[in-house]
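Novice: Need coordinates for the following:
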Amino acid sequence: MQHLGQLLEIKNSELARLLRFTLYGLEATLNQARAEFPLDPGAKVCDDVLQELHSLLQPAPPQQNTGWEDASDDLKLSHLREAFNSDTELSYYLGNSQLQSQTDSDLWNEIQRKLLRIPEDLAASWRSRTLDMAQEVGAIADHSNTFQLPFIRDEIIYPGLSGTIQTQGLSLSQKALLNFKVTQDNTSDIFAGFLYLYLKFIEIDPDLHHALKSVFSFDVISLHSKPEQRHQYIEALSDRFQRTQKADENTDALLILRAWIDMDEAIHSLVFIPPAERYSWWGKLQHESRRILKKVADQAINAGNEVRIRQLSGLYADICAFSKDDLQLDCGGIPGEVLTCLRVYARINQEESPGRVIFRSSR
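Specialist: Below is the predicted model:
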């Protein structure tokens with residue numbers, strides 16, 4: 001494992017990137033197999049292998065300040081940090097937590113990732129502002145230097161910087177997804193895209209939480225500070241992906257629909273505190289799953305079933321009869337309203353399945 005770790009630590013290495021994606025795929029496969037064969041004679045050793053893989057793929061801990069480059073008082077982008085931290089409109093969508101980065105490179109990426117959680121028009125305005133402030137200190141946008149995340153399409157999420165500040169941006173890449181041998185020849189492959197994209201995002205964004213009921217039903221849990229919850233969420237996400245794939249091989253429209261509802265819940269249960277705004281980059285990304293789910297529901301209806309799918313939103317008092325085991329936060333959004341719908345309400349041939357939401361407390 002020593003040489004694997006050394007290769008993973010090499011920056012800007014295609015070999016390191018390929019190895020990391022391969023190890024994520026191996027981890028997901030072993031998690032699924034471990035759940036299917038709990039009495040297998042190799043189960044104990046498999047657990048040890050999974051622990052080693054988890055340790056390899058853990059983000060490196062923040063480095064201690066050792067020089068001017070790491071000292072927050074000497075950041076070239078210190079004015080940007082101050083403006084971002086003091087903006088009341090941003091705090092409405094992001095909460096009151098302050099930026100944590102200690103280097104210009106990390107600060108650029110932390111800010112850009114946070115902008116993915118706010119309405120796109122506000123994010124565009126702030127993204128332009130961040131580029132202007134970067135240019136003031138001699139850095140320029142670099143769209144050619146991005147860290148590629150696997151997904152079903154190519155997209156520059158945000159640019160990197162070159163000049164006085166050198167850092168990668170972030171992009172979606174079909175080529176990176178093809179490393180997992182995803183064919184992209186049917187609609188279920190969008191879930192493969194979400195699986196591998198989430199595995200990578202969980203690694204790079206310490207603000208991510210999960211609210212998946214089957215893993216932990218009483219709170220929204222940090223994946224960064226609770227590694228065991230991170231492991232269980234990834235395992236549940238992988239398991240639901242596998243079940244969706246198996247259901248798609250079946251001709252039973254209702255079996256397919258129920259598997260897709262479960263997978264859609266796992267996708268929407270990766271959240272921030274407060275949850276990403278509906279019309280943000282994150283909100284629109286996750287809504288792609290809901291659009292596919294609607295098509296699957298229509299197919300079940302065309303097969304002669306009575307199906308009603310409802311995404312729960314608006315005043316919590318108006319929808320609470322259609323939900324169960326909901327979670328409450330005291331930040332974000334409007335008091336008394338739904339912040340995000342984790343699981344859709346479904347009525348299938350007279351059988352009701354309650355939805356689940358996160359809502360803002362009325363107080």
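Novice: Name the helix or strand of the chain that has the lowest mean pLDDT.
Specialist: Within the chain, confidence by mean pLDDT, DSSP states H and E is lowest for helix 14-36 among all helices and strands, at a mean of 72.
Novice: So which residues make contact with the helix or strand following that helix?
Specialist: For helix 14-36, the following helix or strand on the C-terminal side (DSSP states H and E) is helix 43-57. Outside of helix 43-57, the residues within contact range by CB atoms under 8 Å, 6 or more residues apart in numbering are 1, 4-5, 8, 20, 23-24, 26-27, 30-31, 33-34, 37, 40, 203, 227, 231. To be clear about C-beta, it is placed using only N, CA and C from the backbone, and glycine gets the same treatment.
Novice: rerun that using 6 Å as the cut-off
Specialist: Helix 43-57 has contacts (CB atoms under 6 Å, 6 or more residues apart in numbering) with Met1, Gly5, Leu23, Glu27, Leu30, Arg34.
Novice: give me phi/psi at Ser162?
Specialist: Taking degrees, to the nearest 10, you get phi -130, psi 170 for the backbone angles of Ser162.
Novice: residues touching it, list them.
Specialist: Counting by CB under 6 Å, 6+ apart, Ser162 makes contact with Ile140, Asp142.
Novice: let's see it at 10 Å
Specialist: Going by CB atoms under 10 Å, 6 or more residues apart in numbering, Ser162 touches Gly138, Ala139, Ile140, Ala141, Asp142, Ser144, Asn145.
Novice: do Leu177 as well
Specialist: 21, 148-153, 183-184, 189, 192-193, 195-197.
Novice: In PyMOL, how would I select the buried members of those residues?
Specialist: Here is the PyMOL command that picks out the buried ones among these, judged by 16 or more other CB atoms under 10 Å:
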select buried, resi 21+148+149+150+151+152+189+192+193+195+196+197
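Novice: Inside helices: which ones of the contacts of Leu177?
Specialist: Members of the contacts of Leu177 lying in helices (criterion: DSSP state H): Phe21, Asp189, Ala192, Gly193, Leu195, Tyr196, Leu197.
Novice: Looking at those, spot the one nearest Ala297.
Specialist: Taking CB to CB as the measure, Asp189 is the one of the ones in helices among the contacts of Leu177 closest to Ala297, at 18.9 Å.
Novice: I'd say that closest one and Gln245 touch.
Specialist: Yes: Asp189 is within contact range of Gln245, at 9.4 Å (criterion: CB atoms under 10 Å).
Novice: Mind listing the strands the host helix or strand of Ile157 pairs with, and their directions?
Specialist: Per DSSP H and E: Ile157 is located in strand 155-158. Neighbouring strands of strand 155-158 in its sheet, by DSSP bridges, are strand 169-173 (antiparallel).
Novice: Could you tell me the average pLDDT over the partner strand, please?
Specialist: Strand 169-173 shows a mean pLDDT of 96.
Novice: Tell me if I'm right that Glu273 and Ser97 touch.
Specialist: In this structure residue 273 is Ile, not Glu. Yes: checked against CB under 10 Å, the pair Ile273 and Ser97 is within contact range at 8.6 Å.
Novice: which residues are common contacts for these two?
Specialist: Residues touching both Ile273 and Ser97 by CB under 10 Å, 6+ apart: Asp207, Cys331.
Novice: out of the two, which sits in the more crowded spot?
Specialist: Ranked by neighbour count (other CB atoms under 10 Å), Ile273 and Ser97 place Ile273 first, with 18 against 12.
Novice: any idea how far the more buried one is from Asn96?
Specialist: Relative to Asn96, Ile273 is positioned 11 Å away (CB to CB, to the nearest Å).
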